[in-house]
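S.K.: what's the 3D shape of this:
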Amino acid sequence: MTTIARIALAILISTMIAPSGRAGLIPGGGPAASDCYVELDVQGVNGTSNKITCQDGDPCDADGMCDGTCTFDLQACLDQPGIAGCNNTGTVTLKKARFKGAHAVLAPDSVKTATAPTCSPFARVAVKTKRNGRKPGMAMVTATAVSTEKPKRDADKLTLVCVPRTGACPPPTTTTSTTLPTATTIATSTSTSTSTSTSPTMSTVTTTSTTTTLPPDACPGLGIRTFSFSMDSHVFSSALPGNAIDVGFGGSMALCAGAEGGDGSAPLTVASDSYAGVQVELNIGFYCVKIDAAGSDGHLYCDAGTPVDVDYSIDSHGAGANDPPVSMMGGNPGPAGSAYLTATVRAVLCPGAPACIGTVASTADCADPTKVDFSQVDPTTLPLTTGAVTARIINPAPDSIPMGTGDKTTMHAGEPFDCANWQIEDGPGTLVIPFLLTDAQFGIVHVGDAANVIVLDD
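M.R.: Down below sits the predicted model:
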């Protein structure tokens, strides 16, 4: 595998779960040679237009209310890659941002100076409608950054428009929570192991895993299964077909299987918020993942016959706007021990992202709330299955790698659990998760559209 291919794959792995970085960054205008010094990002908004229009109460309104005010979550990102003609090698400093029609502090002192890609925490900018909610309101933001190299200055302007609500206010988002007994005490233990790959392109990876132990009565029924992420996990991608790339996984997921019903199935959920970390090659950093217990839902099928294969697809419409992803479960009848569930996943690459509030030096640090603030990370609902997974991008962008016509597809199958030995850690069972990456540009590497799966081996 060539060096460029390895760089492309490492970046691809590090961004599979998180929303793609360039899609939401707004250069803000000005000469291309300095346009990467500072870019602005509005959470929940994709595109590069420097005029953002939001209807009161829509998803772009962070307060989630129809109250005559649009609340924009805004951050400044310094020294960003991916803009043609802008190759900064100096130190970038963000000057005090100016607001007209609103007020906020855009960046704390700790991220006002950068020598590598850095983003500030999100700041809330409230823009009110006018004339008692009958006319749009507007605010303007000007962010200026200077570099120690030439050209010296990048001044970006962003207009935020709040449009009055028309029609009924969208209902608030609701989730179903799995509640553990209030007396439950969670004990954690940490272990460190080192594994050396036999592949000539892979380096030694040290993985630290934090195991969460729950008491047996925390999950009546079949009980708790600690599903650890072993070094036998793999990533497969249409961007590099035929290559299984080993990465260092740390952490585990606690699964709760309830009582088996008359149909041979047991309810399956994530028992407690679970954490995982991946040490990414080429010193890119650590990829931290949180799997939420709240809202997780699925089944463990102890009797054979239930299909759990997953087809997870998106229509990219070439260079046009993407359709939402479509997940379909079906296929051939599955063996005994088949499982399928969905869960909310939040993931972030550290260092560099606003959620990385401390130094992440190992995969175990991903579970440390003083180092990673997952509340700043957008959630994604994904399927997990022991069946066969097909990840598919229909009508991919024509410049996606590898070049060629036709859909981008990656397939892999998991392994069923053993219901009779459900609680045995490192027992039978492999979960497969599909991920789709679209319209991605990372520095000098253009990935385009890629269909991917992660195989999690216990």
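
S.K.: and the gap between the residue of the chain most remote from its centre and Gly68?
M.R.: The centre of the chain is farthest from one residue, Arg131, which by Cα atoms, centre = their mean lies 39.7 Å away. Using Cβ to Cβ, to the nearest Å, Arg131 is found at 10 Å from Gly68. C-beta coordinates here come from the backbone N, C-alpha and C atoms, glycine included.

S.K.: now do the SS call for the closest residue to Asp418 other than its chain neighbours.
M.R.: Distances taken as Cβ to Cβ, 6 or more residues apart in numbering put Pro428 closest to Asp418, at 4.7 Å, once the chain neighbours are dropped. Going by DSSP: H, G, I helix; E, B strand; the rest coil, the secondary structure assigned to Pro428 is coil.

S.K.: okay, Pro428: pLDDT?
M.R.: pLDDT for Pro428: 91.

S.K.: is it true that it touches Cys419?
M.R.: No. Judged on Cβ atoms under 8 Å, Pro428 makes no contact with Cys419 at a distance of 10.0 Å.

S.K.: what residues are shared contacts of these two?
M.R.: Gly337 (Cβ atoms under 8 Å, 6 or more residues apart in numbering).

S.K.: okay, these two: which has more neighbours?
M.R.: Cys419 (20 against 15; other Cβ atoms under 10 Å).

S.K.: that one touches Ala336, doesn't it?
M.R.: Yes. Using Cβ under 8 Å, Cys419 is in contact with Ala336, at 7.0 Å.

S.K.: run through the strands of the stretch 101-250 of the chain in chain order.
M.R.: Applying DSSP state E, counting those that start in this stretch to the stretch 101-250 of the chain gives strands spanning 113-114, 118-119, 123-128, 137-147, 153-163, 187-195, 205-213, 223-228, 234-237, 248-257.

S.K.: out of those, which comes closest to Ile424?
M.R.: Closest approach to Ile424 among the strands of the stretch 101-250 of the chain (Cβ to Cβ): strand 223-228, 8.0 Å.

S.K.: that older thread, shared neighbours, Cys419 and Ala336?
M.R.: Cys302.

S.K.: where does pLDDT dip in the chain?
M.R.: Residue ranges of the chain with pLDDT under 70: 1-24, 107-111, 171-217, 242-249, 280-284, 403-405, 440-446.

S.K.: quick one, domains of it?
M.R.: 31-163, 204-457 (automatic domain parsing).

S.K.: can you tell me the distance between the two ends of stretch 287-305?
M.R.: End-to-end distance of stretch 287-305 (Cα to Cα, to the nearest Å): 37 Å.

S.K.: now do the buried residues in it.
M.R.: Neighbour-count burial for stretch 287-305 flags 287-293, 295-296, 298-302 (criterion: 16 or more other Cβ atoms under 10 Å).

S.K.: how about JSON lines for those residues, with secondary structure and distance to Pro31 added?
M.R.: Below are the buried residues of stretch 287-305 laid out as JSON lines (DSSP: H, G, I helix; E, B strand; the rest coil; distance: Cβ to Cβ, whole Å):
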{"residue": "Tyr287", "secondary structure": "strand", "distance to Pro31": "34"}
{"residue": "Cys288", "secondary structure": "strand", "distance to Pro31": "36"}
{"residue": "Val289", "secondary structure": "strand", "distance to Pro31": "38"}
{"residue": "Lys290", "secondary structure": "strand", "distance to Pro31": "40"}
{"residue": "Ile291", "secondary structure": "strand", "distance to Pro31": "43"}
{"residue": "Asp292", "secondary structure": "coil", "distance to Pro31": "43"}
{"residue": "Ala293", "secondary structure": "coil", "distance to Pro31": "49"}
{"residue": "Gly295", "secondary structure": "coil", "distance to Pro31": "46"}
{"residue": "Ser296", "secondary structure": "coil", "distance to Pro31": "48"}
{"residue": "Gly298", "secondary structure": "strand", "distance to Pro31": "52"}
{"residue": "His299", "secondary structure": "strand", "distance to Pro31": "57"}
{"residue": "Leu300", "secondary structure": "strand", "distance to Pro31": "58"}
{"residue": "Tyr301", "secondary structure": "strand", "distance to Pro31": "60"}
{"residue": "Cys302", "secondary structure": "coil", "distance to Pro31": "64"}
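
S.K.: mind putting those residues in CSV, distance to Ala347 included?
M.R.: Putting these into CSV (distance: Cβ to Cβ, whole Å) gives the following:
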residue, distance to Ala347
Tyr287, 6
Cys288, 7
Val289, 4
Lys290, 7
Ile291, 9
Asp292, 12
Ala293, 16
Gly295, 16
Ser296, 16
Gly298, 20
His299, 25
Leu300, 25
Tyr301, 28
Cys302, 31
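
S.K.: which among the residues you listed gets closest to Asp309?
M.R.: Checking the buried residues of stretch 287-305 against Asp309 by Cβ to Cβ gives Tyr301 as the nearest, at 12.7 Å.

S.K.: bridged to the closest one, which residues?
M.R.: According to DSSP bridges, the residues that bridge with Tyr301 are Ser265, Ser338.

S.K.: just to check, it is in contact with Gly261?
M.R.: No. The pair Tyr301 / Gly261 is not scored as a contact, 10.5 Å apart, by Cβ under 8 Å.

S.K.: hang on, the earlier thing: mind checking which of the strands of the stretch 101-250 of the chain is nearest Val45?
M.R.: Nearest of these (Cβ to Cβ): strand 153-163, 9.9 Å.

S.K.: so for Cys169, which of the domains of the chain sits nearest?
M.R.: Short answer: domain 31-163, nearest of the domains of the chain by Cβ to Cβ, at 3.7 Å.

S.K.: now do the residue lying closest to Thr89 once chain neighbours are set aside against Gly90, distance only.
M.R.: Among residues not flanking Thr89 along the chain, Glu149 sits closest, at 5.7 Å (Cβ to Cβ, 6+ apart). In this view, Glu149 and Gly90 are 3 Å apart by Cβ to Cβ.

S.K.: element containing Leu456?
M.R.: strand 445-457 (DSSP states H and E).

S.K.: report the angle between that strand and strand 223-228.
M.R.: Note on geometry: by axes from the mean of the first three to the mean of the last three Cα atoms, to 10 degrees, strand 445-457 and strand 223-228 are set 140 degrees apart in direction.

S.K.: neighbouring strands of strand 445-457 in the sheet, and parallel or not?
M.R.: By DSSP bridges, strand 445-457 pairs with strand 234-237 (antiparallel), strand 430-442 (antiparallel).

S.K.: buried ones in stretch 92-104?
M.R.: Val92, Thr93, Leu94, Ala97, Phe99, Gly101, Ala102, Ala104.

S.K.: and if you look at stretch 49-64?
M.R.: Quick answer for stretch 49-64 (16+ other Cβ under 10 Å): Asn50, Ile52, Thr53, Cys54, Gln55, Asp56, Gly57, Asp58, Cys60, Asp61, Ala62.
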